[in-house]
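[1] Sequence isn't available, so here's the structure alone:
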């Protein structure tokens with residue numbers, strides 16, 4: 001049954017005529033029958049009033065559902081339970097999803113979807129490196145091989161022709177779409193002013209720092225004496241540089257008044273070739289934002305000329321290279337696991353930027369500082385740093401990574417049933433289970449928060465007390481989101497940027513300007529090959545935001 005038919009017993013059934021029990025519509029009430037007795041009743045509920053004469057069969061009609069139940073009574077007082085109506089009884093919906101823990105929620109709620117809608121949910125898993133091609137081929141088929149796909153929003157330029165726009169569903173069968181934060185609604189779900197996906201995983205980035213170290217009175221006093229301002233969660237990249245320098249120490253030196261048992265470093269990026277471009281963009285966005293006094297662009301919207309090699313962009317890359325002297329050896333080989341391990345398990349890094357995992361899942365696993373008799377470990381959270389502009393204002397933006405959405409195939413045989421599944425998975429109560437995982441109901445997900453009800457969840461904050469400060473900090477950070485590039489060729493553009501950043505950081509290219517000039521030259525070639533006028537239109541679509 002639909003949501004509108006979950007009503008209170010007192011409001012649902014009113015009886016006239018013979019003494020009776022209750023005809024069960026929701027599966028929780030019973031009907032008391034006497035043999036051969038004809039019973040007349042009036043059934044009322046929001047949106048329906050019907051008078052029915054019941055002998056051995058009854059037809060029950062309510063908004064969106066009509067069904068016939070057969071009633072057999074063998075003795076006075078017999079109770080007959082009528083199971084709830086399921087609007088898509090026997091319909092099979094096939095979902096293509098990311099393999100592993102990301103697939104967990106689809107299995108966890110499979111039975112709930114069957115019980116509520118009658119839908120048989122078939123889950124097909126694919127590793128991330130195969131998901132793009134498998135999804136695209138499946139979407140193009142007629143009928144589509146998959147009714148629902150989990151897809152990376154960077155793929156929208158290629159997937160748009162084969163995805164069902166969801167605007168009409170949201171206007172008539174809304175699950176509570178406004179609960180999703182604007183940063184994710186705009187930069188994950190929207191393309192060319194229409195909604196093509198519903199956020200599944202709220203990927204963004206946060207700054208983490210050792211709050212147990214920041215709270216040490218001796219360190220606070222020494223820092224202020226050296227730099228002239230209070231030690232606090234860093235607000236600018238200049239402050240990050242100061243703090244990285246200050247906290248870089250050798251084994252045997254003092255940290256928080258105690259002897260260090262291993263080398264300690266002020267800062268680390270996830271520096272391995274392949275994804276290091278994200279850590280450059282954490283700088284590129286605010287450096288350009290401050291210099292321009294307005295939102296920066298990857299390309300000039302009128303000409304598609306790259307904006308990646310201007311003066312603020314060069315300064316951002318130079319500063320990224322300069323901070324390496326306060327980073328661990330081998331940092332240019334750090335992927336997710338290496339940065340997480342160095343910061344959280346080895347506890348040898350003072351400041352780092354990473355996805356939400358440390359804050360929403362693992363903050364209670366932070367190891368103590370590597371000193372004698374360390375204080376209780378404590379992780380601090382803040383938005384990624386900004387840059388102070390010539391006007392004295394702080395310009396700050398949080399990079400909204402392309403990440404996982406749910407979409408419906410335009411060629412689906414059962415788009416309405418597919419929407420029932422998507423809207424169920426996006427419901428605030430179900431989305432909370434996914435974000436909080438592991439929970440008894442949802443053992444795994446790896447889905448990060450994306451909705452107001454998650455950030456403000458009393459249950460989550462009560463069950464995991466350390467998560468509250470993180471959720472507050474991330475909610476503040478997401479007020480100023482900036483999207484990752486998403487259009488045809490996005491992978492090529494960003495991989496080219498990644499390659500030249502890596503060459504500069506490794507010393508293969510000595511000059512940051514040369515590295516970015518080479519990037520811009522190759523971006524021009526990619527644009528010309530894909531079609532400048534076409535790419536211009538796609539770039540325009542990226543910034544067209546759906547507003548309901």
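    Looks like it came in fine. It should be emphasised that the depicted structure is a prediction, and the values quoted were computed from it without experimental measurement.
[2] any chance you could map the strands in the stretch 101-250 of the chain?
    Assigned by DSSP state E, counting those that start in this stretch, the strands in the stretch 101-250 of the chain fall at 120-126, 148-152, 190-191, 194-195, 198-199, 206-210.
[3] now the longest one: mean pLDDT?
    Spelled out, it's strand 120-126. When pLDDT is averaged over strand 120-126, the result is 98.
[4] who touches that strand?
    Applying CB atoms under 8 Å, 6 or more residues apart in numbering, the contact partners of strand 120-126 are 90-100, 103, 106-107, 110, 113-114, 134-135, 146, 421. (Each C-beta comes from the backbone N, C-alpha and C, glycine too.)
[5] do the same with the third one
    Contacting residues not belonging to strand 190-191 are listed as 156, 157, 160, 196, 486, 541, 542, 544, 545, 546 [CB under 8 Å, 6+ apart].
[6] Contact partners for the nearest residue to residue 396 once chain neighbours are set aside?
    Once flanking residues are discounted, residue 396 sits nearest to residue 386: 3.1 Å by CB to CB, 6 or more residues apart in numbering. By CB under 8 Å, 6+ apart, the contact list for residue 386 reads 235, 236, 237, 286, 289, 290, 394, 395, 396, 397.
[7] Tell me the spacing between residue 386 and residue 234.
    Separation of residue 386 from residue 234 (CB to CB, to the nearest Å): 10 Å.
[8] One more: residue 294?
    Counting by CB to CB, the gap from residue 294 to residue 234 is 24 Å.
[9] likewise residue 267?
    From residue 267 to residue 234 the distance is 9 Å (CB to CB).
[10] For those two, list the residues in contact with both.
    In contact with both residue 267 and residue 234: 240, 243, 351, using CB under 8 Å, 6+ apart.
[11] Restricted to helices, list those.
    240, 243 (DSSP state H).
[12] What about the residue nearest the centre of the chain? Give its phi and psi, please.
    For the chain, the residue sitting closest to the mean C-alpha position, by CA atoms, centre = their mean, is residue 202 at 1.2 Å. Residue 202 adopts backbone torsions of phi -90, psi 70, taken as degrees, to the nearest 10.
[13] For the stretch 1-150 of the chain, give me the ranges with low pLDDT.
    Counting by pLDDT under 70, the ranges of the stretch 1-150 of the chain that qualify are 1-84.
[14] And the helices in the stretch 301-450 of the chain?
    For the stretch 301-450 of the chain, helices defined by DSSP state H, counting those that start in this stretch occupy the ranges 311-322, 336-340, 357-360, 415-426, 428-436.
[15] any residues touching the shortest one, and which ones?
    Right, the one you point to is helix 357-360. 206, 208, 340, 343-344, 379, 381, 435, 446, 448-449, 467, 470-471, 473-474.
[16] likewise stretch 287-300?
    With CB under 8 Å, 6+ apart, stretch 287-300 has contacts from 237, 284-285, 305-308, 310-313, 315-316, 386-391, 393, 395-397, 482, 485, 493, 523, 527, 539.
[17] average pLDDT across it?
    Rounded mean pLDDT across stretch 287-300 is 97.
[18] so what's the closest residue to residue 366 other than its chain neighbours up against?
    Of all residues not flanking residue 366 in the chain, residue 377 sits nearest, at 4.3 Å (CB to CB, 6+ apart). With contacts defined as CB under 8 Å, 6+ apart, residue 377 is in contact with 212, 347, 366, 367, 368, 369.
[19] which of those has the most neighbours?
    Highest neighbour count within the contacts of residue 377: residue 369, with 25 neighbours (other CB atoms under 10 Å).
[20] Skip the chain neighbours and tell me the closest residue to that residue.
    residue 347 (5.6 Å).
[21] circling back: now the two most distant members of the contacts of residue 386.
    Pairwise distances among the contacts of residue 386 were taken by CB to CB; the largest, 14.2 Å, belongs to 235 and 289.
[22] Between these two, point out the one with more neighbours.
    Applying other CB under 10 Å to residue 235 and residue 289 shows that residue 289 carries more neighbours, namely 23 against 17.
[23] how distant is the lengthiest helix in the chain from the center of its chain?
    Ranked by residue count and defined by DSSP H, the top helix of the chain is helix 512-530. On the basis of CA atoms, centre = their mean, to the nearest Å, helix 512-530 sits 31 Å off its chain's mean C-alpha point.
[24] picking up where we left off before, from the contacts of residue 377, pick the one nearest residue 441.
    Closest to residue 441, out of all of the contacts of residue 377 and judged by CB to CB, is residue 366, at 26.7 Å.
[25] Surely the closest one is in contact with residue 344?
    Yes. Applying CB atoms under 8 Å, one finds residue 366 in contact with residue 344, separated by 5.5 Å.
[26] list the contacts for residue 205?
    278, 282, 353, 354, 355, 356, 384, 398, 399, 401.
[27] Tell me where the stretch 351-500 of the chain has strands.
    Taking DSSP E, counting those that start in this stretch as the criterion, the stretch 351-500 of the chain carries its strands at 379-382, 387-388, 394-395, 398-400, 404-408, 481-483.
[28] who does the second one touch, helix- and strand-wise?
    Here strand 387-388 is seen to pack against helix 237-247, helix 277-292, strand 394-395 when contacts are counted using 3 or more CB pairs under 8 Å, 6 or more residues apart in numbering; DSSP states H and E.
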